[in-house]
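>>> Sequence and computational prediction follow.
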Amino acid sequence: MKLHSKVKGEGQPLIILHGFLGMGDNWKTLANSYAKEGFEVHLVDQRNHGRSPHDEAFSYDLLAEDLKQYLEEKSIDSASIMGHSMGGKTAMRFATMFPDQVNKLIVVDIAPKYYAPHHQQILDGLTKISEAELSSRSDADELLANYISEKPIRQFLLKNLYWKTQEVLNLRLNLKALKQNIEEVGKGLPQNAKYSGETLFIKGGKSNYIKESDKSDIASHFENFKIKSIENAGHWIHAEKRKEFFSLSLDWLKS
């Protein structure tokens, strides 16, 4: 599968993988900052997201294979890889399948364990938007507000809107495939999946995605890891505490 991406800067390759229902563009501001520090930043849209192709099949093995193919297309032998949430799971799976192609690994606010589906309300809201054939972003926001009260989350989700025709907005997401594969999105790493390279887990101090009790599970997959917490940040650490996140991640990438 030929993934869509935006590339910024020149230097050491850094692949950034967005979370569920996101797209590479979500990381645009940070990508510019890494680019200024000597990185060639690849903002990749994963399958069924952003401008990448749609496919009914969806699993972390497939997402890792997609990324391997992407690196081959770009003639990249190895890269540092950073992934948030679902993107973090892809990054972990890729590192355990193709360890020689990873320089540094950064996993943002996700553990290698199973997470029960918890996006139902968001998916219901997005389904309503896709069925409504709306003609303005404000109408879409109003409709989504019936399902999601937090405006920043709505703004993030509404980045998926595009003009299907001159009058009608639609979503870039392959909503049907993502809903059908919601169990896959929550799946953990296979038991035998292991990676011995340097791995940094960055968690939000207010987020419960990585708990103290997850450390032993992380250690069973990753030999050489650190967990750093950013205080007063929720799950969207990179958006909520951009400066702190950038400083912490850059130190790791350059160490």
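Ah, there it is.
>>> Tell me the buried residues in the strand or helix carrying residue 252?
Element membership of residue 252, judged by DSSP states H and E, is helix 242-254. Neighbour-count burial for helix 242-254, counted by 16 or more other CB atoms under 10 Å, picks out 244, 245, 246, 248, 249, 252, 253. Using the backbone N, CA and C atoms, a C-beta is placed for each residue, glycine as well.
>>> Test my guess that the second one contacts residue 30.
Spelled out, that is residue 245. Yes: the criterion here is CB atoms under 8 Å, and residue 245 meets it with residue 30 at 7.5 Å.
>>> so what sits against both of those two?
By CB atoms under 8 Å, 6 or more residues apart in numbering, residue 245 and residue 30 have these common neighbours: residue 238.
>>> following the lowest-mean-pLDDT helix or strand in the chain, which helix or strand comes up?
Sorting the helices and strands of the chain by mean pLDDT, DSSP states H and E puts helix 151-158 at the bottom, at a mean of 91. Proceeding C-terminally, helix 151-158 gives way to strand 161-163 as the next helix or strand, assigned by DSSP H and E.
>>> Pairing partners for that following strand, with directions?
Strand 161-163 has the following strand partners under DSSP bridges: strand 169-171 (antiparallel).
>>> Could I get the average pLDDT for the strand it pairs with?
For strand 169-171, the mean per-residue pLDDT is 94.
>>> Now do the strands in the stretch 101-250 of the chain.
For the stretch 101-250 of the chain, strands defined by DSSP state E, counting those that start in this stretch occupy the ranges 102-108, 161-163, 169-171, 195-204, 222-230.
>>> Buried deepest among those strands, which one?
Mean neighbours per residue, mean count of other CB atoms under 10 Å, is largest over the strands of the stretch 101-250 of the chain for strand 102-108, with a mean of 23.
>>> now for that strand, which elements pack on it?
strand 79-84, helix 86-97, strand 195-204, helix 242-254 (3 or more CB pairs under 8 Å, 6 or more residues apart in numbering; DSSP states H and E).
>>> centre of the chain versus the last one, how much separation?
Think helix 242-254. Put simply, helix 242-254 sits 17 Å off its chain's centre (CA atoms, centre = their mean, to the nearest Å).
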